[in-house]
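Trainee: sequence? don't have it. structure:
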């Protein structure tokens, strides 16, 4: 059974804290993605990576950074958390090629609250 | 204007009803059209995808694309309580690695027994 796991289901942090969200996939996928999901806005792409140590900005990268040191692991970093970063964060992975980018496998999400 | 618009609902139907979920889009470059299903407290999962215009059927589910109207639909026949979920449409101009998915806001569906 393919799996994308995220380090926490729920997280509460204070404004200004540095926050790390971890994602691990066991499918040997090349592509990995970070989205945030907000009511009325759907899923919005923050960053994606199509190879180890590679990263590309998505639609809303401001206030975030990412790290991909190993193929199976993709981390999202909030350098200084703010209340407007309170959201559901979803990690996904997909294989490269063969329209793989269309077939994204999602983790269960991390609900982050910044107070 | 959002690139992809989806009525957020919620939509409530009795078991056995035919459900129609719809999205409109503005970018004529979109060629790949996906439907993802998201159960409560879970991540989305790919339900179906189609390329360009036309219909695709998979069991009780039919995806329909009308590129001339920039309109896509997902039909669910004989709806079941287990179909209760949020349905997200997603689109992409390319299937290559430079592509990215643009999602609608999601429609929440409840099927009552």
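Mentor: Sure, I can see it. Since we're looking at a predicted model, the values are computed, not measured.
Trainee: when you work out contacts or count neighbours from here on, use the C-alpha atoms and nothing else.
Mentor: Fine.
Trainee: who's in contact with residue 60?
Mentor: Since no chain was named, I'll use chain A. A:44, A:45, A:46, A:47 (CA atoms under 8 Å, 6 or more residues apart in numbering or on different chains).
Trainee: chain B was what I was after
Mentor: Per CA under 8 Å, 6+ apart, neighbours of residue B:60: B:75, B:76, B:77, B:78.
Trainee: follow-up on the earlier one: out of the contacts of residue A:60, the closest to chain B would be?
Mentor: Of all those, chain B sits closest to residue A:44, with 7.3 Å by CA to the nearest CA.
Trainee: secondary structure element for the closest one?
Mentor: strand A:42-49 (DSSP states H and E).
Trainee: what is that strand packed up against?
Mentor: Packing contacts for strand A:42-49, counted by 3 or more CA pairs under 8 Å, 6 or more residues apart in numbering or on different chains; DSSP states H and E, involve strand A:31-38, strand A:56-57, strand A:64-70, strand B:102-103.
Trainee: what about 10 Å?
Mentor: Packed against strand A:42-49 by the contact rule (3 or more CA pairs under 10 Å, 6 or more residues apart in numbering or on different chains; DSSP states H and E) you find strand A:31-38, strand A:56-57, strand A:64-70, strand A:73-78, strand A:87-94, strand B:4-6, strand B:85-92, strand B:102-103.
Trainee: got TSV for those, with distance to residue B:57 too?
Mentor: Below are the helices and strands packed on strand A:42-49 laid out as TSV (distance: least, CA to CA, whole Å):
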stretch	distance to residue B:57
strand A:31-38	28
strand A:56-57	35
strand A:64-70	38
strand A:73-78	35
strand A:87-94	23
strand B:4-6	21
strand B:85-92	16
strand B:102-103	21
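Trainee: show me what residue B:38 is bridged to.
Mentor: For residue B:38, the beta-bridge partners are residue B:86 (DSSP bridges).
Trainee: touching, it and residue B:105? I think so.
Mentor: No. Judged on CA atoms under 10 Å, residue B:38 makes no contact with residue B:105 at a distance of 11.9 Å.
Trainee: who has more neighbours, those two?
Mentor: It is residue B:105, of residue B:38 and residue B:105, that has more neighbours when counted by other CA atoms under 10 Å in any protein chain shown, with 26 against 22.
Trainee: residues in contact with that one?
Mentor: Applying CA atoms under 10 Å, 6 or more residues apart in numbering or on different chains to residue B:105 gives the contacts A:37-44, B:2, B:4-8, B:23, B:86-90.
Trainee: filter these down to the buried ones, ChimeraX style.
Mentor: Selection of buried members from the contacts of residue B:105 for ChimeraX, criterion 16 or more other CA atoms under 10 Å in any protein chain shown:
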select /A:37,41,42,43,44 /B:4,5,6,7,8,23,86,87,88,89,90
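Trainee: point me to the residue of chain A nearest chain B.
Mentor: Among the residues of chain A, residue A:42 lies closest to chain B, at 3.7 Å counting by CA to the nearest CA.
Trainee: which strand residues bridge that residue?
Mentor: residue A:38.
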